[in-house]
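Chemist: give me a 3D structure for the following:
(one chain, ligands or ions: 1)
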Amino acid sequence: MVESVTVKAPCSTANLGPGFDVFGLALDAYYDQIQLKKEGNGIRIQSFDSIPVEPEKNSAGLVIKEMAKKFKIKTGLVLKIKKGVPTGFGMGSSAASAAAAAVAFNALFKLKLDGNSLVQYAGMGELASAGSVHYDNVAASVLGGFVIVRTNPLDVIKVVPPKDLILCVAIPKIPVPQKKTEVARKVLPKQVKLSDHVKNLSNASTLTAGFMKKDTILIGNSIKDIIVEPARKHLIPGFDKVKKNALSAGAMGVTISGAGPSVISFASTSTNPKKISDAMKRGFAMVGVECTTVICKPSKGATVI
Ligand code: HSE
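Modeler: Predicted coordinates for the structure are as follows:
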C-alpha cells in the first residue's frame, strides 16, 4: 500500500498581458516540492522554509484540508513542503504548492481526478494567500504549458507552447507586502471602457491563436494590456524603463508577471535572451533596484517523482 507520494510543481506566470485571470504559462525556472504522507492524526505541515504551517493559512494545507473533507479521508496526513519558487514576486508561488498538493492527494488516494477537478481543488489554495480564488496560476502549475481558464463552469484548456518560445524574467529585490496579490488587485479599475476592452480582447484572441498555431511572433506581439498593466505598474519601481530597455534589446512583448513585481519578456530562439535580460537588469538599476534575472522555457505540469 502506498503510504507517501512526492510531487514537484513548476512556477508560472499569469495574465500574459491581456488575459487577466484567464491565461497562465508554466515556467521551468523554479519548482516547489511536496511530500504527502499518511501518518498520525489530523493535518500537519513541516517545512524548513518560512511559510505558514497552519493548514488554513497555507495554500497547500488548505487544498489538502478541503480534499480530505470532500473525500472523507480520516487518516492523519503530514505535508512536507520544500519551497523553490520565490514567494510574493508574481511567479505563482502559492499556486505551485497548491497544485503539488492537489496532485499528491490525487495520487496518494488513487482518485483518478481529471485536470479540471485537480485545478478546481488547487484553486482553493489561492484563498489562503490571495484572499480570492483565481485559477490561472494553479491551472498552469497543474497542467503545464499555456492554459486558458473559463470559470462558471470551470473549464481549463491546455495548449502546448511552441518550442522556440523563451521567457526572460526579472525579479526585483524590493520588499513586497504580506498580502501582495490582494494589494495588487485592489488597485484595479472596477469598470473599463468598451474601447479598452475591445483592444484587450483582440490581443487576447491573437495571443491564443499564436499558441494554437505555434507562432511565437504572434504570441510576442500580442502581449499588450491597456487595462491591468497601467493600473499596477506604479507598484513596480522602474517598470517603464525595464520594459523600454527589453523591447529595445529585441523582446517581442513585455509585461508584469502575474500580480508582479516581476517583469516578464517574451523572446524566441531567434532573439538574444541574454541581451534582453541584461537590458531589464539595467532598467531596474536605473532606479536603484537590484534584480535577479532568469531565462527559461515553458514547463510541463506537476509530476509525481
Ligand atoms: N491573475 C492574478 C492577478 C494572478 O493578476 O491578480 C495573481 O498571481
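Chemist: do I have it right that residue 294 meets residue 171?
Modeler: Yes - counting by Cβ atoms under 8 Å, residue 294 does reach residue 171; the two are 7.2 Å apart. C-betas here are computed from N, CA, C, even on glycine.
Chemist: give me the more crowded residue out of those two.
Modeler: residue 171 (23 against 19; other Cβ atoms under 10 Å).
Chemist: ok, the more buried one to residue 303 distance?
Modeler: 24 Å (Cβ to Cβ, to the nearest Å).
Chemist: all helices for the chain, in order.
Modeler: Applying DSSP state H to the chain gives helices spanning 59-70, 93-108, 115-124, 126-130, 136-143, 180-186, 194-212, 216-220, 228-232, 239-248, 273-285.
Chemist: tell me the helices and strands packed up against the longest one.
Modeler: Helix 194-212 makes packing contacts with strand 155-159, helix 216-220 when contacts are defined by 3 or more Cβ pairs under 8 Å, 6 or more residues apart in numbering; DSSP states H and E.
Chemist: in that helix, what counts as buried?
Modeler: 199, 200, 203, 204, 206, 207, 208, 210, 211 (16 or more other Cβ atoms under 10 Å).
Chemist: for the third one, same thing?
Modeler: Taking 16+ other Cβ under 10 Å as the neighbour-count basis, helix 115-124 is seen to contain the buried residues 116, 117, 118, 119, 120, 121, 122, 123, 124.
Chemist: low-scoring pLDDT stretches of the protein, where are they?
Modeler: Counting by pLDDT under 70, the chain shows low-confidence ranges at 1-2, 130.
Chemist: quick one: name the residues of it near the ligand.
Modeler: By Cβ under 6 Å from any ligand atom, the residues of the chain that approach the ligand are 14, 15, 20, 21, 134, 136, 137, 181, 184, 185, 258, 259.
Chemist: look up the closest residue to the fourth one, ignoring the ones flanking it.
Modeler: The shortest distance from residue 21 to any non-neighbouring residue, by Cβ to Cβ, 6 or more residues apart in numbering, is to residue 134 (5.0 Å).
Chemist: need phi/psi at the one you found.
Modeler: Note on residue 134: its backbone torsions stand at phi -140, psi 150 [degrees, to the nearest 10].
Chemist: so what's residue 113 up against?
Modeler: Each residue near residue 113 by Cβ atoms under 8 Å, 6 or more residues apart in numbering is listed here: 102, 106, 121.
Chemist: the nearest residue to residue 184 once chain neighbours are set aside: neighbour count?
Modeler: Spatially, and ignoring its direct neighbours in sequence, residue 184 is nearest to residue 259 (3.8 Å; Cβ to Cβ, 6+ apart). By other Cβ under 10 Å, the residues close to residue 259 number 28.
Chemist: and residue 28, by the same measure?
Modeler: 15.
Chemist: how about the nearest residue to it, chain neighbours excluded?
Modeler: Closest to residue 28 by Cβ to Cβ, 6+ apart is residue 299, at 3.8 Å.
Chemist: what about the one you found, how many neighbours?
Modeler: Neighbours of residue 299 (other Cβ under 10 Å): 23.
Chemist: one more: residue 127?
Modeler: 18.
Chemist: in contact with it, which residues are there?
Modeler: Counted by Cβ under 8 Å, 6+ apart, residue 127 has contacts 62, 133.
Chemist: check residue 61 too.
Modeler: Counted by Cβ under 8 Å, 6+ apart, residue 61 has contacts 43, 45, 52, 53, 54, 55, 79, 101, 128.
Chemist: buried ones only from those residues, please, as a PyMOL command.
Modeler: With 16+ other Cβ under 10 Å as the criterion, this PyMOL line picks the buried residues out of the contacts of residue 61:
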select buried, resi 43+45+55+79+101+128
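Chemist: sort out for me which of the contacts of residue 61 are in strands.
Modeler: 43, 45, 79 (DSSP state E).
Chemist: understood, closing this out.
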